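1. here is a sequence with its predicted model. Questions after.
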Amino acid sequence: MKEGLLMRRKDREMDRKFALEVIDKSKYGIVSVVDKNNMPYSVPISIVRDGDMLYFHSAMAGDKVELYNLEPRANIVFVGEVQVPNLYSKDELDELLKDKKNANLVVSTIFTTEFESAIVQGRINRIEDQNQKIKVLKLICEKYTPDKMELFDIGVEAGVDKVLIYGIKIEEITAKRKKFDESGKEMKWMRKG
């Protein structure tokens, strides 16, 4: 992974392959840019990946269109699976309550979440080529409406000229995960399972 994105918990860092898997299974990504007033501007967007490119579509007008047409640098955050771990039986929880020395264990294994995430940095570019736009729309539809693809040709004919398509080349990418194994031990750096 390319340097640039800082990660405090290196013990939870995952590799590029894992990051791409998180992107592919995420229902959406949150695209963040800096607006004209130097303020953060973030929008959740349905995103599809093709190799090192991320693609999404947009309406023809609006605040984000004005910002994205400036080809800004962007951060895109993806969140995969998230859950509160359930590592202890009722009897084990009752035992933990008996001794205040268990406070750190309680905090780190009960009042926490298991998660996986990926963060991408890149520059937003508008896609103008009609064939490329159709290809991207097909990729988006295959991800989000795979059981309706027999209607794609009708839909794309009616809609391709009513949407804007943007691409972001993945310039930097990081991934992070917190997960416990079956015994309740946190799985540190790159440990699969």
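-> Structure's in. What do you need?

2. what sits against Gln83?
-> Contact analysis of Gln83 by C-beta atoms under 8 Å, 6 or more residues apart in numbering lists 113-114. C-beta coordinates here come from the backbone N, C-alpha and C atoms, glycine included.

3. and the longest helix for the chain?
-> Ordering each helix of the chain by length in residues (DSSP state H) puts helix 130-144 first.

4. any idea which helix or strand comes after it?
-> Using DSSP states H and E, the helix or strand that directly follows helix 130-144 along the chain is helix 152-159.

5. residue ranges with poor pLDDT in the chain?
-> Filtered on pLDDT under 70, the chain yields the residue ranges 1-11, 189-193.

6. how about 90 then?
-> Residues of the chain that meet the criterion pLDDT under 90 lie in 1-15, 36, 69-72, 81-89, 92-115, 178-193.

7. all strands of it, in order?
-> In the chain, the segments counted as strands under DSSP state E are 13-14, 29-34, 40-45, 48-50, 53-58, 73-83, 114-127, 164-169, 172-178.

8. out of those, which is closest to Gly155?
-> strand 53-58 (12.0 Å; C-beta to C-beta).

9. I'd like to know which elements that closest one is packed against.
-> Applying 3 or more C-beta pairs under 8 Å, 6 or more residues apart in numbering; DSSP states H and E, we find strand 53-58 packed against strand 29-34, strand 48-50, helix 63-68, strand 114-127, helix 130-144, strand 164-169.

10. so what are the sheet partners of the second one and their directions?
-> Counting by DSSP bridges, the strands paired with strand 48-50 are strand 53-58 (antiparallel).

11. how near is the residue of the chain positioned farthest from its centre to Met60?
-> Most distant residue from the mean C-alpha position of the chain: Lys98, 40.4 Å away (C-alpha atoms, centre = their mean). With distances taken as C-beta to C-beta, to the nearest Å, Lys98 is found 64 Å from Met60.

12. thanks again, I'm all set now.
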